[in-house]
Each structure stands twice: as C-alpha cells, then as structure tokens.
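> one predicted model, sequence on top.
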Amino acid sequence: MINDECLMVEGKNNFLKTLHYLSLDVVLGAVVSSWMFWKIPDGNGMVNLPSILILGICTWIIYILDRLLDNLKSEPEDARHQFHFQYQYYLQVGIIILFLLAAILAFFLPRNVIYFGIALSVLIMIYFYILHKKSKSANYQYFKEIFTSAIYSLCVVGSAFSTKSNLDWQAYLAGFVFFLLVHQSILIFSFYESQAYPATKNLAKKLGKANCTYLIWGVLVFSIVSIFLTDNLFIKKVFLIESLMAFCSVLIYFFEVKLAKNENYRWLGEMVFWLPLILIFF
C-alpha cells in the first residue's frame, strides 16, 4: 500500500516536472499577464479569446524552439535542455501542430492584432537570425537574455494594447513596469545558473552579484513608486499586483540556499507571473 502511494506521488511529481520542462508554466504566466493588460484601462476591457490563445501558442513555440536551438549550439547542461534533447523529434512535430493551430486561429483575430503580430513575427525572425549568427560570440548569452525578455514583454503587453486607442501614459507605465519585471525574473534565473554552473557566461555573471542586487531591488522600488503616480483605480490595482510580483521575485533571489535545490527557484519564478489572477477577486 505504501509502495503504491509512493509510486502515485512520484508519478504526479514527474508529470508536474514534465509540464515545467515543457515551459507550460511560462505559457500560463504569459496568458494570465496578458489578460491583465486586456482589462486596462478600467477593468472592463474585453478580452479577445483567439488573441490570448495565439499568445500562449506562440510563447510555447518560441520557448521550445529556443531550447532546441541551444542544443544545436552546445551539449545540454541542465535538466530542461536534456529533456528537449531527448524528445526533440516529438517537440519538432509539436511545433508544426502548434503553428498550424495558430494559423487557423489567426482568421479570428482583430485587424490591429494581426498587424501587430506580423510586425512582431518579423522582429522574432530577425532575433533568431541574429542569435544564429552570434551563437559563437562571447556576448551571445548576454544578448539572448536581454532580448528574450524584451520580446516576451512585447508579446504580452503589445497584443493587448494594439486594440486600444484611448490609453494614457499610466497604462504604458504599467506595461513598462511589466517589462522591468520580466528582466528582473530573467536576471534572477541567470544569477542562479551562474552559481550552479560557474563556467557559464551569462548576464548575472557579467554584472556581478552587487549590481544584480541593486537592479533587482530597483525594480521593486520603481513598481511601488508607480502605485502613487495614478488615480485610476484599476491601473492602481495593476501596479499593486506588479509590486507584489517584484516583491516575490526579490524573495526568490534572497532565498538562494533553499531554492537552488532541484531548481525550485525556476518554477516559483514562473508562478510569479500567475499573480494577476488575483485581480479576479478584487
């Protein structure tokens, strides 16, 4: 009986770990965060379901493709890259299926979202082309981390804002704070990776721990200050959520000893971007 229970727990853990390796926690975070920006400026904004679905699909494609391209460049080091290496054939087939599904959903998108998607697709193609050209450069990893977070932010915020014509600077400030939150998160991941793999060249290692700490705290301070810059009730709530997200990321950064084990920092860091769900309740 005990053995059966242990097997059930192990099976459940393996299932959750697989979902994490597939970056589905990232996909959910992107969808939930984008939902928050669709509700701007007053909390009553209509959410376009096909746009949200395509965002999730495209985020998933980009993350899978990114891991597969990493494995072409070098041997897989961490568990996520090893997973993608082991199942690369099925993942490649999955990318094709996801692309076809996104193409079908594209027929139901608002016109402005289509224009935004075309422009963003061109940018992403340029991004992957530059990554391929710079794959042997010493600055490859620094470039990748900065631009990955920028493109992720554009996907989440831009798809929602592309349909809105009456936004003021407060809404765009909320989008900018989200952009900082994504950079904060990637910098924390980068820091943990530099501790686990000392030979790794990444942004955190280039900046040094002191500069990483200043930047990570800086995002929290900026997000808190933003709360007091608006009198729009819903956008104030957005800033509160973003401040909570920044605070949780700071905690993840400072609990290094406990969270480094089994890369627990990574799935917790991805769950930070689920926090906009709180807006449903207040």
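It's in. Numbering: from 1, shown residues only.

> can I get the helix or strand harbouring residue 129 in PDB, CA atoms only?
For residue 129, the element it lies in under DSSP states H and E is helix 111-133. The C-alpha trace of helix 111-133 is given here as PDB (Å, rounded to 0.1, in the frame of the first residue of the first chain):
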ATOM      1  CA  ARG A 111      -7.300  43.500 -37.500                       C
ATOM      2  CA  ASN A 112      -4.900  45.500 -35.300                       C
ATOM      3  CA  VAL A 113      -3.700  42.400 -33.500                       C
ATOM      4  CA  ILE A 114      -2.900  40.900 -37.000                       C
ATOM      5  CA  TYR A 115      -0.800  43.900 -37.900                       C
ATOM      6  CA  PHE A 116       0.900  43.800 -34.600                       C
ATOM      7  CA  GLY A 117       1.500  40.000 -35.000                       C
ATOM      8  CA  ILE A 118       3.000  40.500 -38.400                       C
ATOM      9  CA  ALA A 119       5.400  43.200 -37.200                       C
ATOM     10  CA  LEU A 120       6.300  41.100 -34.100                       C
ATOM     11  CA  SER A 121       6.900  37.900 -36.300                       C
ATOM     12  CA  VAL A 122       9.400  39.900 -38.400                       C
ATOM     13  CA  LEU A 123      11.200  41.000 -35.300                       C
ATOM     14  CA  ILE A 124      11.300  37.500 -33.900                       C
ATOM     15  CA  MET A 125      12.700  36.100 -37.200                       C
ATOM     16  CA  ILE A 126      15.400  38.800 -37.100                       C
ATOM     17  CA  TYR A 127      16.000  37.900 -33.400                       C
ATOM     18  CA  PHE A 128      16.600  34.200 -34.200                       C
ATOM     19  CA  TYR A 129      18.700  35.100 -37.200                       C
ATOM     20  CA  ILE A 130      21.000  37.300 -35.100                       C
ATOM     21  CA  LEU A 131      21.100  34.600 -32.400                       C
ATOM     22  CA  HIS A 132      22.300  32.100 -35.000                       C
ATOM     23  CA  LYS A 133      24.900  34.500 -36.400                       C
END
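
> which residues sit against it?
48, 51, 54, 62, 65, 69, 106, 109, 140, 143-144, 147, 151, 154-155, 158-159, 162-163 (C-beta atoms under 8 Å, 6 or more residues apart in numbering). All C-beta atoms are positioned from the backbone trio N, CA, C, and that covers glycine.

> may I see the buried residues of it?
Judged by neighbour count using 16 or more other C-beta atoms under 10 Å, the buried positions of helix 111-133 are 113, 116, 117, 120, 124, 127, 131.

> and for stretch 189-203?
Those would be 189, 190, 191, 192, 193, 194, 202, 203, for stretch 189-203 by 16+ other C-beta under 10 Å.

> is it possible to get JSON lines of the residues you listed that adds secondary structure and distance to residue 225?
Shown next, in JSON lines, are the buried residues of stretch 189-203 (DSSP: H, G, I helix; E, B strand; the rest coil; distance: C-beta to C-beta, whole Å):
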{"residue": "189", "secondary structure": "helix", "distance to residue 225": "25"}
{"residue": "190", "secondary structure": "helix", "distance to residue 225": "25"}
{"residue": "191", "secondary structure": "helix", "distance to residue 225": "24"}
{"residue": "192", "secondary structure": "helix", "distance to residue 225": "27"}
{"residue": "193", "secondary structure": "helix", "distance to residue 225": "30"}
{"residue": "194", "secondary structure": "helix", "distance to residue 225": "29"}
{"residue": "202", "secondary structure": "coil", "distance to residue 225": "29"}
{"residue": "203", "secondary structure": "helix", "distance to residue 225": "24"}
